[in-house]
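got a sequence here, can you build the structure:
(2 chains)
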Amino acid sequence: QVQLVESGGGVVQPGRSLRLSCAASGVTFTNYGFHWVRQAPGKGLEWVALTSYDGGNEYYANSVKGRFTISRDNSKNTLYLQMNSLRAEDTALYYCVKEGVYYESDAPHDVFDVWGRGTMVTVSS
Amino acid sequence: DIQMTQSPSSLPASVGDRVTITCRASESIANYLNWYQQKPGQAPKLLIYAASSLQSGVPSRFSGSGFGTDFTLTISSLQPEDFANYYCQQSHTAPHFGQGTRLEIK
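Numbering: from 1, shown residues only, chains lettered A, B, ... in the order given. Next comes the predicted model:
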């Protein structure tokens, strides 16, 4: 079955950088878009970024645009999130999520269908 | 950005109850609405997509409805394993989640 394993989280000072990784297995990696979704402690879910199946398109939440970069290495079945200029409000559990395309009445619907367990990022001085 | 507003934020209920959670979009999203369940310490799990289509393996006591701006998730008869957090998410434009509903034991 599909497995997503995140790594790279940790404690970092405000203004510094961190790179998260997500290793995918059990899936034809190049067929799917992948997202990062985060969850601050005790809070709800926030979508962060999306990369298309071939890495040709990237989309970001306004809260991270210009600071975070999503990328992928299809030869390694790995997704990345480069996080720069980190702020306290970026503290969260970061999930790697596979995009699924489900059809209803022949219309495609994008869903978050496989989630990793997450990697925790804490931004604190 | 399309904003999603869920209510209530907290819902006390008992086993066997019928419960309904509401999600409202700031503008029409047709039926581009998904529902997720998240239990403590776990990643979210897809329950319903396209507003009313049940994900494979999800019990039939879960159902969704709605179109445009107003949507509901209904659990027909609560089971002990259903006490969890529930999130709606619009997929019409850049993904956005509702703030969540905590379904708790009364």
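
next SSE downstream of the helix or strand of chain A with the lowest mean pLDDT?
Sorting the helices and strands of chain A by mean pLDDT, DSSP states H and E puts strand A:107-115 at the bottom, at a mean of 92. Moving toward the C-terminus from strand A:107-115, the next helix or strand (DSSP states H and E) is strand A:119-123.

which elements pack onto that next one?
Where contact means 3 or more Cβ pairs under 8 Å, 6 or more residues apart in numbering or on different chains; DSSP states H and E, strand A:119-123 is packed against strand A:10-12, strand A:18-25, strand A:92-104. Bear in mind the C-beta positions are built from the backbone N, C-alpha and C, glycine included.

what does chain B have sitting close to chain A?
Residues of chain B lying close to chain A by Cβ under 8 Å from any Cβ of the partner chain are B:1, B:31-32, B:34, B:36, B:38, B:43-46, B:49-50, B:53, B:87, B:89, B:91, B:94-100.

out of the residues you listed, which are buried?
Buried by 16 or more other Cβ atoms under 10 Å in any protein chain shown: B:31-32, B:34, B:36, B:38, B:43-46, B:49-50, B:53, B:87, B:89, B:91, B:95-100, out of the residues of chain B next to chain A.

so which of those residues belong to strands?
Under the assignment DSSP state E, these contribute B:Asn34, B:Tyr36, B:Gln38, B:Lys45, B:Leu46, B:Tyr49, B:Ser53, B:Tyr87, B:Gln89, B:His96, B:Phe97 to strands.

beta partners of the third one?
When assigned by DSSP bridges, B:Gln38 has beta-bridge partners B:Asn85.

and chain B, is the host helix or strand of A:Arg38 touching that?
Taking DSSP H and E as the criterion, A:Arg38 maps to strand A:34-39. Yes. Against chain B, strand A:34-39 shows contacts by Cβ under 8 Å from any Cβ at A:His35.

after that strand, which helix or strand is next? Please name it.
Sequence order places strand A:45-51 as the next helix or strand after strand A:34-39, per DSSP H and E.

which elements pack onto that next one?
Partner elements for strand A:45-51 (3+ Cβ pairs under 8 Å, 6+ apart): strand A:34-39, strand A:58-60, strand A:68-73, strand A:78-83, strand A:92-104, strand B:85-90, strand B:96-97.
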